[in-house]
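Asker: Need a 3D model of the sequence below.
(one chain, ligands or ions: 2)
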Amino acid sequence: MKKLLWITFAAAVIISLSTVSSFAMGERPTVQNAGFEAGNLSGWTSAGNVSVVESGAQEIMPYAGNYMAQIYGSSYTNNTWLSQDVSMQEYGFFAPDMPAFGISARYNLVMPDYPPYDNPAFKVAINGNTVFSVSDPSSGIDVTGWQEFTYFFPEPVTAFNVTFYAGNTGDTISSPTAYIDNVACVYNEDTSPVPEPASMLLLGPALLGLLGLKKKKS
Ligand SMILES: [Ca+2]
Ligand SMILES: [Ca+2]
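Answerer: Ligands and ions are numbered 1, 2, ... in the order given. Next comes the predicted model:
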């Protein structure tokens with residue numbers, strides 16, 4: 001009977017430790033230089049007039065930190081972009097929760113167009129497919145203020161590309177400018193059954209302690 005108890009506890013400890021181990025290895029994918037705090041575009045690729053700035057048009061300041069990306073759409077929308085490939089290779093442990101995984105970013109748009117309006121003036125593409133866009137809403141200078149873009153993947157992915165575009169549509173004047181900050185991988189925690197790392201870490205030593213007591217008694 002004591003031997004059976006010992007085996008049960010040992011099995012529990014092994015399961016517990018392996019879960020903790022998997023959690024530690026299953027690092028979440030991260031966007032490189034996500035807040036542009038490197039002060040440059042390291043980790044990103046771009047085309048057209050794209051840079052990292054400390055302040056922008058209409059006295060726009062970074063959403064967070066000291067820097068943000070500026071996409072000055074001096075050309076057509078499709079020719080001016082900021083892009084990054086995000087690898088999901090270390091996402092294994094979270095695979096069952098992939099539908100709750102997504103990408104988010106903060107954007108602030110300055111749209112000074114007159115008819116014909118830039119439609120769109122700004123867009124976000126995932127793997128080449130436009131999933132979000134904003135058009136110049138009216139004559140004169142329109143500033144959106146910092147807004148949040150979020151996209152949840154409808155099915156599991158192992159890697160993806162995110163590209164932000166800004167520029168003219170149908171004309172070459174009154175170019176829109178997009179400011180981007182705080183790009184991040186996001187998780188819908190409400191639907192995630194992933195165990196709390198803190199409680200799992202506490203469970204392992206607790207079982208080890210119990211195992212020690214059992215060994216002393218026998
Ligand atoms: Ca920043
Ligand atoms: Ca325009």
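Asker: For the protein, which residues are neighbours of ligand 1?
Answerer: Within reach of ligand 1 by Cβ under 5 Å from the ion, the chain has these residues: 35, 36, 62, 64, 65, 67, 181. Glycine gets a C-beta too; all of them are placed from N, C-alpha and C.
Asker: List only buried entries from those.
Answerer: Among those, those classed as buried by 16 or more other Cβ atoms under 10 Å are 35, 36, 62, 67, 181.
Asker: Residue 61 sits in which helix or strand?
Answerer: Using DSSP states H and E, residue 61 falls within no helix or strand.
Asker: neighbours of it, just the number please.
Answerer: The number of residues packed around residue 61, counting by other Cβ atoms under 10 Å, is 15.
Asker: what do you get for residue 87?
Answerer: Residues near residue 87, counting by other Cβ under 10 Å: 12.
Asker: wait, it sits on residue 31?
Answerer: No - look at residue 87 against residue 31 with Cβ atoms under 8 Å: they stay out of range, at 10.4 Å.
Asker: Tell me which helix or strand comes right after the helix or strand of the chain with the lowest mean pLDDT.
Answerer: In the chain, no helix or strand scores lower on mean pLDDT, DSSP states H and E than helix 2-25, which sits at a mean of 44. Proceeding N to C from helix 2-25, the next assigned helix or strand is strand 45-47, under DSSP H and E.
Asker: ok, then the element right after that following strand?
Answerer: strand 49-53.
Asker: Show me what that following strand is packed up against.
Answerer: When contacts are defined as 3 or more Cβ pairs under 8 Å, 6 or more residues apart in numbering; DSSP states H and E, strand 49-53 packs onto strand 68-72.
Asker: Quick one: mean pLDDT over the strand it packs on.
Answerer: The average of the pLDDT scores along strand 68-72 is 98.
Asker: what's the closest residue to residue 67 other than its chain neighbours in contact with, if anything?
Answerer: Distances taken as Cβ to Cβ, 6 or more residues apart in numbering place residue 36 nearest to residue 67, at 4.3 Å, with adjacent residues excluded. By Cβ atoms under 8 Å, 6 or more residues apart in numbering, the residues touching residue 36 are 52, 62, 65, 67, 68, 69, 180, 181.
Asker: Given the helix or strand residue 109 falls within, what are its sheet partners and their directions?
Answerer: Element membership for residue 109 (DSSP H and E) is strand 101-111. Sheet pairing of strand 101-111 (DSSP bridges) gives strand 142-143 (antiparallel), strand 147-152 (antiparallel), strand 177-187 (antiparallel).
Asker: re the thing from before, make TSV out of the residues of the chain next to ligand 1 and add distance to residue 122.
Answerer: Compiled in TSV, the residues of the chain next to ligand 1 are given as follows (distance: Cβ to Cβ, whole Å):
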residue	distance to residue 122
35	19
36	17
62	18
64	20
65	21
67	19
181	14
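Asker: these two touch, right, residue 114 and residue 142?
Answerer: No - Residue 114 is beyond contact range of residue 142, at 11.1 Å (criterion: Cβ under 8 Å).
Asker: These two - which one has more neighbours?
Answerer: residue 142 (19 against 12).
Asker: Spell out which parts of the chain neighbour ligand 2.
Answerer: So the chain meets ligand 2 at 113, 118, 168, 171, 174 (Cβ under 5 Å from the ion).
Asker: Buried subset of those residues, written for ChimeraX?
Answerer: To isolate the buried ones among the residues of the chain next to ligand 2 in ChimeraX, judged by 16+ other Cβ under 10 Å, type:
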select :113,118,168,174
